[in-house]
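Peer 1: give the three-dimensional model of this entry:
(chains A and B)
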Amino acid sequence: MLRRLDPAARLVSLGVIAFGLYVIHEGTTLRIGTMARIGPGFFPIILGVAMTAFGVLALFERPAAGRGAFPARGLVCAALALLAFALLIRTAGLVPAVSALVLLMALGQPQPRPLGVAATILALTAIGYFLFILGLRLPIEPIVWPTRSGG
Amino acid sequence: MELFANLALGMQTAFSLEALLFCFAGVFVGTFVGALPGIGPLVAISVTLPLTFGLDSTIALIMLAGIFYGAQYGGSVTSILLNLPGTASTAVTALDGYPMTRDGRAGLALFTNAAASFAGSSFAIILVMAFAPAIGRIAMDFNSTEYFSVMVLGLVAASTLSNGSTIKSFAMITFGLILGLVGMDLNSGAQRYTFGILQLTDGLSLIAVAMGMFGVAEIINKIAAPDSTATQRGAGGIGLRAMLPRRDELRRFWGPTGRGAALGSMVGALPGAGPSIASFMAYAVEKRVSRDPGKFGKGAIEGVAAPESANNASVQAAFIPTLSLGIPGDVVMAVLLGAMMMHGVVPGPAFISNEPAMFWALVVSFWIGNVMLLVLNIPLIGLFVKLVSIPGRFLYPTVMFFICMGSYSINNSTFDVYVTLVFGVLGYILLRFGFQPAPVLLGFILGPLIEENLRRSLVIARGDPMVFLDRPVSVALLSLSLLLILAPILRHLVVRWRGARHAG
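Peer 2: Model (predicted):
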């Protein structure tokens, strides 16, 4: 039965096993305690053992059928969009963060259209400004201007 | 009558202008996200949750609950008109709802949907009023041992009743329980699985994890797909006249609606089983009891009424375990439970007796919200149809933007945005290989509670693990869990044995 599995599905199950073993390993560095007074390590070790066991069982399962091509571009672009937002929202402000997010999301799509991207940036910046900055008073600057010119 | 006094108490709050306004906002947003494919009520509640921190906690809950049940209405409208289920629980409705639209009977299908939804919800709300306080009172006598066993049953039910592989569901529940460990252990002060990161001392943020695994993962799943432009067929110009059923059609409405409501309430009240399962089961039951099963899939009213009544009933009934035991009846309930905790409300058996005003206001608001939905749905159908045809290239960046702002605004820190990112990518990969994200959240919410009750039980029993088999309620709950685990295995063995006998 193991032979019929595709390697990627097996890799994920092995990942689950590795994660379970890691949880056990970390758990043993904590105090386990006694049955009457269980320490902080007791429950984690049980969970780690369970996780490892389920990973082993999942190895023998038939994989979920019907997966399409792996959307590598979409995945990378969505991840980069979040990353860019997180990096820019504090240091550069709302407008750059939203622009970067929308641009990167557009790159993840099959046919990005420049005009649509510009319109989306405009609309979302407006929502962000009026709803989150003016309405909910989140401590976000629209644009963080560099303190020294050219700096 | 105690009930009327309680209802009057609830009405005081629920009919205040603020409550009505936020109830409306909740059901409106709910219908909206329910209709949009790609974002469900879970993401919507996670995004709105940080925005409600300034509100009174009752008002906040009324609104968040409105999003949850409102989404069931919105999803069915697009299922019927466009064959595009906005949420998974309304996928069954499309089986007969869409053929009705193609036959030019869209108005009737929408009316059936609205009426069945309303009937199902009403039935379940009555059950919430009748049973939640009673169960809460019984559960007041529970000690940590029973509590532990109830939660185990909840987790087991969630993994065995969900779609897909049971083993993978168990793996994901365990994963959620492990995520719940992260942070400082309240008993010993020990740091667990924090990797020395300061922000993890308080644990992972529920909202960030939920938005990652449900919102971002879903966007990754959809972003690469080419834009699907929904065609508007038979959706234009639906007047009230076209919606009203004929007398013979009305007669075919009550049976399925009633059975759907009863089944949906039962499924919904079970911890862990949600509206998707309820609607699938209701449809299957109708097909089986019908004298003419061949008409299903070709535009049978019964095929719309039963699943719609069931999924709405299950959504309302899910509040029974959530409010009376503090155990979520559904993933969205798990997030709502988290929202209660963030608002300083302690869920559990004491909730209803400690906060009667909040409980009854919430229940009364369910009625108000459902009436609003009933009225809202008729004039807004055209608008929803337009919304669904928003191309993905506008929709996904917008959803991503709200996810970013939502996770950033939890603590005004970018750390939660990174958490969302990590769980988004992880959630997508796991989903791709058949590991469902829903059990993770259930485990995450219940993890700390399970550990605490396990610890207390063992302290009381002086370390004897047999304590869980000493108390009758606990034994019953654990046996039921075991039965749920063994049932599919036994069925599998029986099928195999029969197969072998036929082959031999």
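Peer 1: so where's chain A uncertain?
Peer 2: A:1-5, A:63-67, A:148-151 (pLDDT under 70).
Peer 1: show me where it has its strands.
Peer 2: Applying DSSP state E to chain A gives no strands.
Peer 1: ok, the residue of chain A positioned farthest from its centre - contacts?
Peer 2: Relative to the centre of chain A, and counting by C-alpha atoms, centre = their mean, the farthest-placed residue is residue A:36 at 39.1 Å. Residue A:36 sits next to B:458-459, B:461-463 when contact means C-beta atoms under 8 Å, 6 or more residues apart in numbering or on different chains. Just so you know, the C-beta spots here come from the backbone N, C-alpha and C atoms, and that holds for glycine as well.
Peer 1: any figure for the gap between whichever residue of the stretch 1-150 of chain B sits closest to chain A and residue A:93?
Peer 2: Closest to chain A within the stretch 1-150 of chain B is residue B:51: 6.2 Å, counting by C-beta to the nearest C-beta. Going from residue B:51 to residue A:93 by C-beta to C-beta, to the nearest Å gives 21 Å.
Peer 1: what domains does the record give for chain A?
Peer 2: If you go by automatic domain parsing, the domain ranges for chain A are A:2-59, A:72-135.
Peer 1: out of the ones you listed, which is closest to residue B:449?
Peer 2: Closest approach to residue B:449 among the domains of chain A is made by domain A:2-59 (11.6 Å; C-beta to C-beta).
Peer 1: quick one: the helices in chain A?
Peer 2: For chain A, helices defined by DSSP state H occupy the ranges A:7-28, A:42-59, A:72-91, A:94-107, A:114-127.
Peer 1: just those: most buried one?
Peer 2: Highest mean neighbour count among the helices of chain A (mean count of other C-beta atoms under 10 Å in any protein chain shown): helix A:94-107, with a mean of 23.
Peer 1: return that helix as CSV; C-alpha atoms alone will do.
Peer 2: In CSV, the C-alpha atoms belonging to helix A:94-107 read as follows (Å, rounded to 0.1, in the frame of the first residue of the first chain):
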residue,chain,number,x,y,z
LEU,A,94,-0.3,52.9,5.1
VAL,A,95,0.0,54.0,1.5
PRO,A,96,3.3,52.2,0.7
ALA,A,97,2.2,49.1,2.6
VAL,A,98,-1.2,48.8,0.8
SER,A,99,0.5,49.6,-2.6
ALA,A,100,3.1,46.8,-2.1
LEU,A,101,0.4,44.4,-1.0
VAL,A,102,-1.9,45.0,-4.0
LEU,A,103,1.1,44.9,-6.4
LEU,A,104,2.4,41.6,-5.1
MET,A,105,-1.1,40.1,-5.1
ALA,A,106,-1.5,41.2,-8.7
LEU,A,107,1.8,39.5,-9.7
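Peer 1: what does that helix rub up against?
Peer 2: A:73, A:77-78, A:80-82, A:84-85, A:88-89, A:112-113, A:116-117, A:120-121, A:124-125, A:128-129, A:132-133, A:140-143, B:223, B:393, B:396-397, B:400-401, B:404.
Peer 1: what angle separates that helix from helix A:114-127?
Peer 2: Counting by axes from the mean of the first three to the mean of the last three C-alpha atoms, to 10 degrees, helix A:94-107 lies at 140 degrees to helix A:114-127.
Peer 1: quick one: average confidence on stretch B:394-409?
Peer 2: Taken as a whole, stretch B:394-409 has a mean pLDDT of 88.
Peer 1: is chain A contacted by that stretch?
Peer 2: Yes: Stretch B:394-409 lies within reach of chain A by C-beta under 8 Å from any C-beta of the partner chain, at B:394, B:396-398, B:400-401, B:403-405, B:408-409.
Peer 1: got a list of what the residue most central in space within chain A touches?
Peer 2: Residue closest to the average C-alpha location in chain A (C-alpha atoms, centre = their mean): residue A:79, at 6.9 Å. By C-beta under 8 Å, 6+ apart, the contact list for residue A:79 reads B:421, B:424-425.
Peer 1: most neighbours, which of the residues you listed?
Peer 2: Ranked by the number of neighbours (other C-beta atoms under 10 Å in any protein chain shown), the contacts of residue A:79 place residue B:424 first, at 28 neighbours.
Peer 1: where does that residue fall, secondary structure wise?
Peer 2: Element membership of residue B:424 [criterion: DSSP states H and E] is helix B:415-432.
Peer 1: what does residue B:118 give?
Peer 2: Residue B:118 is part of helix B:106-139 when elements are defined by DSSP H and E.
Peer 1: helices and strands around that helix, which ones?
Peer 2: Counting contacts by 3 or more C-beta pairs under 8 Å, 6 or more residues apart in numbering or on different chains; DSSP states H and E, helix B:106-139 is packed against helix B:57-82, helix B:91-102, helix B:240-243, helix B:247-269, helix B:301-317, helix B:319-325, helix B:350-354, helix B:356-388.
Peer 1: which of those helices sits closest to chain A?
Peer 2: Closest of the helices and strands packed on helix B:106-139 to chain A is helix B:57-82, at 13.9 Å (criterion: C-beta to the nearest C-beta).
Peer 1: tell me how many other residues surround residue 68.
Peer 2: Using chain A here. 9.
Peer 1: meant chain B actually
Peer 2: As a burial measure, residue B:68 scores 28 neighbours (other C-beta under 10 Å).
Peer 1: same check, this time on the one 5 residues further on
Peer 2: By the measure other C-beta under 10 Å, the count of residues near residue B:73 is 31.
Peer 1: do residue B:419 as well
Peer 2: Neighbour number of residue B:419 under other C-beta under 10 Å is 23.
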